[in-house]
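**Q** can you look at this prediction? I've put the sequence above it.
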Amino acid sequence: MKILISREQLELLLEKKRDFIGKKITIDTIIAGISFLISVWTANYETIWIIPGIVFKTIFCVIGIVYMIKIIYDIIDFKNNNYTHTDLLRDIEGLDMIQHNHSLIIIKNSAPGIKTKYLTYYDERWDCKLFPNLKTADKDNEAFIISNLSNDLGIPKKEIKCKYISSRVQEKYSVSHNENRVYNHRLYEVEFKNIPKIMNKNDFSINSRHYYWMTISEMEKDDNIMKKNMEVVDFVKECEK
C-alpha cells in the first residue's frame, strides 16, 4: 500500500509524540532501583572528617527512595499513556493524503500495421471519454475487475485475463467533485479470449454505456480529454513505451 505524507505534517506528529516514542520501563530499571536501596540500607558508613556515617546513609537512602518514587511514577505514566509502534503506525497512516485508490483498465484492440486502440467509455458525470476504471478493492482486486467487466460487457469471467502493470500517485482535478484530489492509480491490462461482435465497431453501446476505441494520439488531440484526464493518458502512454 502506498501512502502520501506531507513532510511538515510528519515532523509535527513526531514532535508531538516524541515524549511517548521509545518510552519504556524495563525490569532491569526496577531491579536496579531496589538493589540500590537495599544496598544503601544495609551498608555501614564510617565517619569522614566530622560527618557521621549515619548522615551519608541517610542521604543515600533519601536518594534511593526518590529514585524508586520516580520509577513508580514512570510506570504509572507509562501504563496511562502507553504509545506503541502500532499507535505510531496508525497516526502516520492518518496523515495519508491519498483520498482515492482507483484501478485503471486498459483494453487493447491492435493488429499488425495498425495503431493500437484503447477502449474508452463516455462518463456522464465527467462529460468525457475515460478509460474503464473502478475503485480498487481491498483484496482480490484482479478478480473484482474481472467480475465487473464480465457484467458490464457480457463476457464470461473465464474468458477474461487481467494483469497488473504499474501504479502511480497523482494529484488531479476531479470534475465530478469540483476539487483537486490525490489518487493512487493502479494500472491493469485486460485481455479477452473472445469478444462480442459489436465490440469490433469503432464505437458501440452495451448495457446503456457508450464505448469508443481510440488511439493515444486521438486522445491527445481531444481537448476535452486533455483538459480533464491528461494525467491518466500520460500515465498509460509512459507505461506502454
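**A** That came through, no problem. Numbers count the residues shown, from 1 in each chain.

**Q** what's the separation between the residue of the chain positioned farthest from its centre and K57?
**A** Distance from the C-alpha centroid of the chain peaks at I50, with 69.7 Å (CA atoms, centre = their mean). Using CB to CB, to the nearest Å, I50 is found at 16 Å from K57. Using the backbone N, CA and C atoms, a C-beta is placed for each residue, glycine as well.

**Q** would you mark the buried spots in the longest helix seen in the chain?
**A** For the chain, the longest helix by residue count, based on DSSP state H, is helix 53-80. Across helix 53-80, burial judged by 16 or more other CB atoms under 10 Å covers 56-57, 60, 64, 67, 71.

**Q** I figured N224 hits D127, correct?
**A** Yes: proximity of N224 to D127 meets the contact threshold set by CB atoms under 8 Å, at 7.4 Å.

**Q** I figured N194 hits E159, correct?
**A** Yes: between N194 and E159 there is a contact under CB under 8 Å: 5.7 Å.

**Q** please identify which of the two sits among more neighbours.
**A** Legend: neighbour count by other CB atoms under 10 Å for N194 and E159, higher for E159 (13 against 8).

**Q** quick one, helices of this structure?
**A** 7-16, 27-42, 53-80, 85-93, 141-153, 216-221, 223-239.

**Q** turn these into CSV, including mean pLDDT.
**A** Shown next, in CSV, are the helices of the chain (pLDDT from 0 to 100):
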stretch, mean pLDDT
helix 7-16, 64
helix 27-42, 75
helix 53-80, 78
helix 85-93, 62
helix 141-153, 97
helix 216-221, 97
helix 223-239, 95
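
**Q** what's the neighbour count on K221?
**A** Using other CB under 10 Å: K221 sits among 11 other residues.

**Q** look up how far A32 lies from the closest residue to I145 other than its chain neighbours.
**A** Take I145 and drop its neighbours on the chain: the residue closest to it by CB to CB, 6 or more residues apart in numbering is C162, 5.2 Å away. Taking CB to CB as the measure, C162 falls 60 Å from A32.

**Q** with neighbour numbers in mind, choose between those two.
**A** C162 (17 against 13).

**Q** so that one touches V190, yeah?
**A** Yes: using CB under 8 Å, C162 is in contact with V190, at 5.0 Å.

**Q** list the contacts of stretch 121-133.
**A** Stretch 121-133 has contacts (CB atoms under 8 Å, 6 or more residues apart in numbering) with 102-107, 118-120, 149, 152, 175-176, 209-212, 214, 219, 222, 224-225, 228-229, 232, 236.

**Q** typo on my end, it should be stretch 209-222
**A** If you take CB under 8 Å, 6+ apart as the criterion, stretch 209-222 is touched by 109, 115-122, 129, 152, 199, 202-205, 225-226, 233, 236-237, 240.

**Q** buried ones in it?
**A** Counting neighbours by 16+ other CB under 10 Å, stretch 209-222 gives 211-214, 216, 218-219, 222 as buried.

**Q** again with stretch 165-182
**A** 167-168, 170, 181.

**Q** and those residues as TSV, adding distance to I76 and pLDDT?
**A** Formatted as TSV, these follow (distance: CB to CB, whole Å; pLDDT from 0 to 100):
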residue	distance to I76	pLDDT
S167	46	92
R168	48	90
Q170	48	81
R181	45	74
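
**Q** which single one of those residues is nearest to V40?
**A** Nearest to V40 among these is S167, at 62.7 Å by CB to CB.

**Q** what about V190, distance to F144?
**A** According to CB to CB, V190 and F144 sit 12 Å apart.
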